[in-house]
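Peer 1: below is the sequence, then the predicted model.
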Amino acid sequence: MTAPLLQIENLTVRLTGGGAARPIVDGVSLHVARGEAVGLVGESGSGKSVTCRAALGLLPEGAAATGALRLDGDDILTMSPVRLRELRRQDVSMIFQDPRASINPLRRIGDFVTEGMRAGGVLRKDAIRQAEDLLESVGIREPRAALRRYPHEFSGGMLQRVMIAGALAGEPRLLLADEPTTALDVTTQAEVISILTRLQAERDMGMLFVTHDLELAAAICDRIYVMYAGRIVEAQSAEGLFGRPRHPYTVGLLAATPRLDSDQAPHGVPGRPLSLAEAPAGCAFAARCAHARPRCGEGKPVRRDVDGAQVACLRVEELIDE
Ligand SMILES: Nc1ncnc2c1ncn2[C@@H]1O[C@H](COP(=O)(O)OP(=O)(O)OP(=O)(O)O)[C@@H](O)[C@H]1O
């Protein structure tokens with residue numbers, strides 16, 4: 001088997017200043033193959049963004065990481081600053097939730113889309129021509145005129161398309177998408193998702209798609225990892241996860257997703273997520289889990305193969321039989 005495009009092995013990220021009782025990312029292992037769309041799903045604060053940004057070599061201030069993050073075999077955690085800059089320019093790109101917060105409002109769109117290409121030595125006129133093609137590929141009409149405009153002249157959805165064009169400029173092998181549609185209205189969200197999935201397939205890019213929305217992840221991803229309190233609690237195909245969720249937390253997340261065919265209001269997973277000040281000895285979800293037994297509080301459940309899925313729950317076999 002060829003090595004995956006992105007391989008994260010036992011990644012642990014700790015804040016070094018004290019205050020946090022447990023790591024913010026705790027022994028995460030996951031992989032993304034070339035051309036594969038992979039979802040990373042969980043409630044706010046579960047460590048999704050920190051995991052995702054680590055694949056760009058970015059860690060929170062005052063944080064230290066152990067484990068390995070390999071892109072085609074090269075460990076990102078030990079890369080030199082020069083190689084990291086190159087990685088961000090041409091191997092791995094990221095798009096964020098709020099495009100307006102991640103673009104300089106005083107610079108023209110053209111400067112934003114061409115800057116990586118220019119830094120990589122592409123001639124100005126070639127960079128501009130490629131930028132026009134990129135803008136066209138994300139559905140921006142009159143791309144030449146758009147290149148001369150400023151961010152405030154675009155709607156949120158159009159600006160997110162510009163961000164996607166900018167992210168693709170270096171022809172990355174891996175695209176990290178951190179809640180890229182959460183700030184958009186439903187119609188615009190659907191348009192941006194369809195552009196993203198088309199370009200990801202056309203360019204054979206790997207994509208790590210971070211969201212709290214399991215239904216959205218299932219619609220666009222091949223496989224999904226579910227994260228809770230810094231750990232992966234379940235991994236399976238999108239289809240399997242949606243049809244046969246195994247971890248009680250995944251079951252709760254699915255029940256909490258508002259369904260288009262239902263007029264029931266979403267109720268959220270009962271209870272509240274674990275704070276960083278809490279470090280239970282056993283399963284982090286036990287305090288919220290209707291199926292917890294005293295032994296669930298005794299040791300951390302290890303992720304293991306169960307019936308086509310990987311699940312970190314001591315009771316998973318019993319729950320399947322129930
Ligand atoms: N720079 C930082 N300094 C201190 N703590 C941080 C920093 N960045 C993240 N954290 C903490 O790490 C934990 C995980 O954060 P992260 O942003 O990865 O969660 P998330 O699952 O992406 O949530 P969200 O959906 O809200 O973005 C949280 O408790 C958060 O407060």
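Peer 2: Cool, the structure landed. Numbers count the residues shown, from 1 in each chain.

Peer 1: do stretch 90-103 and the ligand meet?
Peer 2: No - using CB under 6 Å from any ligand atom, stretch 90-103 stays clear of the ligand, coming no nearer than 7.8 Å. Placement of C-beta: from N, CA and C, glycine included.

Peer 1: so how far does that stretch reach from one end to the other?
Peer 2: 18 Å (CA to CA, to the nearest Å).

Peer 1: identify each buried residue in it, please.
Peer 2: 90-99, 103 (16 or more other CB atoms under 10 Å).

Peer 1: okay, and the beta partners of the residue nearest to Met94 when sequence neighbours are not counted?
Peer 2: Closest residue in space to Met94, ignoring its immediate chain neighbours: Leu176 at 4.1 Å, by CB to CB, 6 or more residues apart in numbering. On the basis of DSSP bridges, Leu176 takes part in beta bridges with Met94, Leu208.

Peer 1: contacts for stretch 210-217?
Peer 2: When contacts are defined by CB atoms under 8 Å, 6 or more residues apart in numbering, stretch 210-217 is touched by residues 39-44, 48-49, 52, 176-179, 181-182, 193, 209, 224, 226, 238, 241-242, 250, 253-254, 257, 259.

Peer 1: can you narrow those down to the ones near the ligand?
Peer 2: 42, 44, 48-49.

Peer 1: which residues touch Thr114?
Peer 2: 122, 124, 127-128, 130-131, 169.

Peer 1: state the distance from it to Ala229.
Peer 2: Thr114 sits 42 Å away from Ala229, going by CB to CB, to the nearest Å.

Peer 1: I'd like the average pLDDT over stretch 123-130.
Peer 2: Averaged over stretch 123-130, pLDDT sits at 95.

Peer 1: just stretch 51-71 next, same as before
Peer 2: Mean predicted confidence for stretch 51-71 is 95.

Peer 1: what is the end-to-end distance of it?
Peer 2: 14 Å.

Peer 1: for it, which outside residues touch it?
Peer 2: Contacts of stretch 51-71 (CB under 8 Å, 6+ apart): 3, 5-17, 24-25, 27-28, 30, 40, 50, 75-77, 79, 84, 87-88, 91-92, 94, 173-174, 176, 178, 208, 210, 227.

Peer 1: up against the ligand, what does the protein have?
Peer 2: Checking the chain against the ligand by CB under 6 Å from any ligand atom, the hits are 15, 24, 42, 44-50, 60-61, 212, 276.

Peer 1: let's see 8 Å
Peer 2: Within the chain, the positions adjacent to the ligand are 15, 20, 24-25, 42-53, 60-63, 97, 178-179, 210, 212, 227, 230, 275-276 by CB under 8 Å from any ligand atom.

Peer 1: not counting sequence-adjacent ones, nearest residue to Cys161?
Peer 2: I think there's a mix-up here, since residue 161 is Arg and not Cys. Looking at Arg161 with CB to CB, 6+ apart, the closest residue is Val138, at 4.1 Å.

Peer 1: mind checking how far Ile109 is from Leu135?
Peer 2: For Ile109, the distance to Leu135 - CB to CB - is 8 Å.

Peer 1: hmm, back to that, surely the residue nearest to Met94 meets Arg88?
Peer 2: No - checked against CB atoms under 8 Å, the pair Leu176 and Arg88 is beyond contact range at 10.5 Å.

Peer 1: higher neighbour count, those two?
Peer 2: Leu176 (27 against 17; other CB atoms under 10 Å).

Peer 1: how near is that one to the ligand?
Peer 2: 12 Å (CB to the nearest ligand atom, to the nearest Å).

Peer 1: list the contacts for that residue?
Peer 2: By CB under 8 Å, 6+ apart, the neighbours of Leu176 are 52-53, 55-56, 92-95, 207-208, 210.

Peer 1: let me know whether Arg295 touches Cys313 as I believe.
Peer 2: No - look at Arg295 against Cys313 with CB under 8 Å: they stay out of range, at 11.7 Å.

Peer 1: compare neighbour counts for those two and give me the winner.
Peer 2: Cys313 (27 against 12).

Peer 1: could you look up the SS state of the more buried one?
Peer 2: coil (DSSP: H, G, I helix; E, B strand; the rest coil).

Peer 1: contacts only, for it.
Peer 2: Counting by CB under 8 Å, 6+ apart, Cys313 has contacts 233, 246-248, 283, 301, 319.

Peer 1: ok so, going back, and which of the contacts of Leu176 is nearest the ligand?
Peer 2: The ligand has its nearest neighbour among the contacts of Leu176 in Val210, at 6.4 Å by CB to the nearest ligand atom.
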